[in-house]
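**Student:** Following is a predicted model, sequence given first.
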Amino acid sequence: MNDHQFSQTNSVVNTIRRREFLRTGLSGFAGLTLPELFQQRVNAGQATPKSTGKLENTAVILIWLQGGASHLETYDPKPESGSAYCGPFSPIATSANGVEICELLPKHAQVADKFSLLRSMVHTGFCHQQGTQQLLTGHGVRILKQKPDNPDLFSIAHHMRFDPKRSIPNYVGVNPVAYAGSAYLGKLYEPFAVTGDPNQPNFQVPNIGLVDADKVKRMRTRIGLRKNLDNLRSDIDQLGTMRAFDEFESQAWNVLTSSEARDAFDINAEDSKTRDRYGRNRWGQQALMARRLVEAGVELVTTQFNGSLCGRVGNWDDHAVNHNVFEGMKHRAPFYDQAVAALIEDLYDRGLDKKVMVIVTGEFGRTPKISYVASSGGGVASAKQGTIQPGRNHWPRATSILFSGGNIETGQVIGATDSRGEDATDRIVGRQDFLATVYQHLGIDAANVAFTNFNGRPVNIITDGKPIPELVG
């Protein structure tokens with residue numbers, strides 16, 4: 001082995017050893033160590049497109065209703081549609097003049113002057129993966145895949161708003177959205193995942209804001225040892241690799257030891273009255289965590305409302321074989337209603353409504369025509385196995401979306417569906433229009449942004465979408 005080969009070999013060995021010194025095992029970053037995660041930015045070899053410079057302090061909270069909530073039993077009731085279509089619930093008036101929603105959402109009704117409803121979202125994704133990926137990537141996905149071929153809007157926004165000086169993650173998934181992902185942008189742009197139930201008394205986010213003095217001391221020792229070893233091989237820095245790694249290591253250190261990060265994720269710091277306001281359950285406390293994060297400076301937060309509160313199948317997929325759709329909606333509505341209404345009201349109370357846009361939706365609506373199928377049994381919303389019960393199936397031809405905050409005009413309804421809720425008839429909005437609206441709020445000039453995919457081809461993040469005028473602040 002000649003001197004050059006020996007030098008290269010030692011460089012590789014030393015690099016591997018350095019990585020071992022900071023192996024913290026943060027599960028929130030998809031199993032990568034934190035400095036490795038930051039280092040992927042250099043490995044990706046992509047320049048970061050710039051935002052427009054407008055609204056750079058804005059934020060988004062997405063509440064995702066996995067499985068697809070019925071638009072008819074939430075935001076677009078159709079009381080005159082006939083017995084084959086109409087469920088047992090009536091519409092109720094709200095604080096917004098002329099706006100009616102389902103009676104299952106009385107707390108929503110009280111704050112309707114603080115949100116707007118889009119009733120005319122249309123796409124073609126008939127299954128959960130397709131629906132999620134069409135709506136969040138803007139691409140006409142037809143094949144069922146667990147992760148998208150193109151990055152979702154939050155991964156893109158995270159890429160474009162990345163700041164190496166931050167001491168708290170800028171994209172957090174509090175129970176992250178299923179079937180979304182960063183695709184060819186790399187795992188660095190996945191959300192920092194907060195899993196578990198924030199309502200549990202022993203809930204905590206691991207490895208954030210370390211306070212154990214011994215752990216901090218060991219971390220400092222490892223970093224010092226790593227730097228001493230690096231000094232022995234100064235030639236490793238020929239291409240700036242060492243300087244880049246030091247920057248990633250510093251970012252990792254910031255997050256691991258930051259009191260700001262520790263405080264932001266500490267939901268137990270909230271007073272009992274506030275926690276009660278959101279609801280002492282998983283969904284309520286997820287919504288409260290989202291508010292804490294944006295108030296602390298996190299700009300991109302997603303939280304998925306699924307799990308045990310939904311019933312036997314753990315989400316909003318109200319086929320008759322899974323649930324009696326009407327019993328299922330009645331069971332989960334109080335938790336959902338309280339959490340969303342409390343979040344909206346709390347953001348306004350704290351003066352965060354202009355900065356933060358709240359979006360509430362799932363991948364699609366449900367079939368207006370009620371189907372009757374035998375129950376598979378079990379769960380709070382299902383009759384005995386074999387009992388014929390009502391359900392609603394997937395329906396991307398009409399999806400309702402709630403928007404609040406973001407400095408938009410509130411108390412309005414945008415678009416409409418026909419008398420049965422089957423098809424959008426007025427102000428039809430496509431998936432790329434939805435994306436363009438969110439990008440506009442985040443100050444991203446989406447019409448002029450493209451990324452290079454796995455095949456080396458530039459892919460525009462939108463091609464024909466336009467911001468929804470009524471939802472542009």
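**Tutor:** All right, it came through fine.
**Student:** The residue nearest to F192 when sequence neighbours are not counted and A193, how far apart?
**Tutor:** Computed as CB to CB, 6 or more residues apart in numbering, the closest residue to F192 that is not its neighbour in sequence is P169, at 3.8 Å. Just so you know, the C-beta spots here come from the backbone N, C-alpha and C atoms, and that holds for glycine as well. Noted for P169: a distance of 10 Å to A193, by CB to CB, to the nearest Å.
**Student:** who's more crowded, those two?
**Tutor:** P169 (25 against 17; other CB atoms under 10 Å).
**Student:** Check whether that one sits in a helix, strand or coil.
**Tutor:** Following DSSP: H, G, I helix; E, B strand; the rest coil, P169 is assigned to coil.
**Student:** From D163, how far out is it?
**Tutor:** Distance from P169 to D163, by CB to CB: 11 Å.
**Student:** what's the answer for R312, then?
**Tutor:** In terms of CB to CB, R312 sits 43 Å off from D163.
**Student:** So which of the two has more stuff around it?
**Tutor:** R312 (16 against 9).
**Student:** so the more buried one makes contact with N322?
**Tutor:** Yes - with contact defined as CB atoms under 8 Å, R312 reaches N322; the gap is 6.7 Å.
**Student:** any low-confidence regions in the stretch 51-200 of the chain?
**Tutor:** 51-56 (pLDDT under 70).
**Student:** That one: strands as residue ranges?
**Tutor:** With DSSP state E, counting those that start in this stretch as the criterion, the stretch 51-200 of the chain has strands at 59-64, 91-93, 100-102, 115-121, 171-174, 192-194.
**Student:** now those strands in a markdown table, with distance to S376?
**Tutor:** Below are the strands of the stretch 51-200 of the chain laid out as a markdown table (distance: least, CB to CB, whole Å):
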| stretch | distance to S376 |
| --- | --- |
| strand 59-64 | 25 |
| strand 91-93 | 31 |
| strand 100-102 | 26 |
| strand 115-121 | 30 |
| strand 171-174 | 30 |
| strand 192-194 | 31 |
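**Student:** show me what contacts the residue nearest the centre of the chain?
**Tutor:** Centroid-nearest residue in the chain, with CA atoms, centre = their mean: T302, separated by 2.3 Å. By CB atoms under 8 Å, 6 or more residues apart in numbering, the contact list for T302 reads 61-62, 64, 154, 172-174, 176-177, 180, 191.
**Student:** So it belongs to a strand, correct?
**Tutor:** Yes - applying three-state DSSP, one finds T302 inside a strand.
**Student:** re the thing from before, next one: the residue nearest to F192 from P148, what distance?
**Tutor:** Taking CB to CB, one finds P169 at 21 Å from P148.
**Student:** And the helices in the stretch 101-250 of the chain, which stretches?
**Tutor:** Secondary structure of the stretch 101-250 of the chain, counting by DSSP state H, counting those that start in this stretch: helices at 106-110, 128-137, 153-160, 213-232, 241-257.
**Student:** Which is the succeeding secondary structure element to the last one?
**Tutor:** Scanning forward in sequence from helix 241-257, with DSSP states H and E defining helices and strands, the next element found is helix 259-265.
**Student:** how many other residues sit next to the residue lying closest to G415 once chain neighbours are set aside?
**Tutor:** Sequence neighbours aside, S120 is the residue nearest to G415 in space, at 2.6 Å (criterion: CB to CB, 6+ apart). Counted by other CB under 10 Å, the residues lying close to S120 total 24.
**Student:** now D349
**Tutor:** The burial count for D349: 9, using other CB under 10 Å.
**Student:** Quick check: it vs R280, distance?
**Tutor:** Separation of D349 from R280 (CB to CB): 20 Å.
**Student:** what's the span of stretch 407-425 from first residue to last?
**Tutor:** 27 Å (CA to CA, to the nearest Å).
**Student:** and that stretch, which residues are buried?
**Tutor:** Of all the residues in stretch 407-425, those buried under the rule 16 or more other CB atoms under 10 Å are 408, 410-417, 420-422, 424.
**Student:** any idea of the pLDDT on A261?
**Tutor:** A261 carries a pLDDT score of 86 in this model.
**Student:** can you check the one 10 residues further on too?
**Tutor:** With respect to pLDDT, D271 has a value of 97.
**Student:** How about L293?
**Tutor:** 97.
**Student:** I'd say it and A264 touch.
**Tutor:** Yes - with contact defined as CB under 8 Å, L293 counts as touching A264 (5.7 Å).
**Student:** distance between the ends of stretch 427-436?
**Tutor:** Start-to-end span of stretch 427-436 (CA to CA) is 16 Å.
**Student:** centre of the chain versus it, how much separation?
**Tutor:** In this view, stretch 427-436 has its centroid 18 Å away from the chain centroid, taken as CA atoms, centre = their mean, to the nearest Å.
**Student:** ditto for stretch 311-330
**Tutor:** The answer for stretch 311-330 is 23 Å, by CA atoms, centre = their mean.
**Student:** got it, and stretch 133-146?
**Tutor:** On the basis of CA atoms, centre = their mean, stretch 133-146 sits 16 Å off its chain's mean C-alpha point.
**Student:** Same check on stretch 83-103?
**Tutor:** Distance of stretch 83-103 from the chain centroid (CA atoms, centre = their mean) equals 28 Å.
**Student:** next one: stretch 163-174
**Tutor:** Distance, centroid of stretch 163-174 to centroid of chain: 14 Å (CA atoms, centre = their mean).
**Student:** Quote the end-to-end distance of it.
**Tutor:** For stretch 163-174, the first-to-last residue distance is 21 Å (CA to CA).
**Student:** Pairing-wise in the sheet, spell out the partners of A424.
**Tutor:** Taking DSSP bridges as the rule, A424 bridges to T417.
**Student:** Quick check, it in contact with I401.
**Tutor:** No - taking contacts as CB under 8 Å, A424 lies outside contact range of I401: 12.0 Å.
**Student:** Find residues that contact each of these two.
**Tutor:** Shared contacts of A424 and I401, defined by CB under 8 Å, 6+ apart, comprise M121.
**Student:** For the stretch 351-473 of the chain, which segments count as strands?
**Tutor:** 356-361, 365-366, 371-374, 388-391, 394-395, 399-405, 413-414, 416-417, 424-426, 450-452, 458-460.
**Student:** taking these together, which one is wrapped up most tightly?
**Tutor:** With neighbours defined as mean count of other CB atoms under 10 Å, the strands of the stretch 351-473 of the chain peak in mean count at strand 365-366, which reaches a mean of 30.
**Student:** Now do it, average pLDDT.
**Tutor:** Mean predicted lDDT for strand 365-366 stands at 98.
**Student:** Direction included, what does it pair against?
**Tutor:** Short version: by DSSP bridges, strand 365-366 pairs with strand 394-395 (antiparallel).
**Student:** Residues in contact with the strand it pairs with: which ones?
**Tutor:** Applying CB under 8 Å, 6+ apart, the set of residues contacting strand 394-395 from outside is 68, 71, 126-128, 131, 364-368.
**Student:** count of residues packed around K273?
**Tutor:** K273, neighbours per other CB under 10 Å, totals 7.
**Student:** same question, Q338
**Tutor:** 23.
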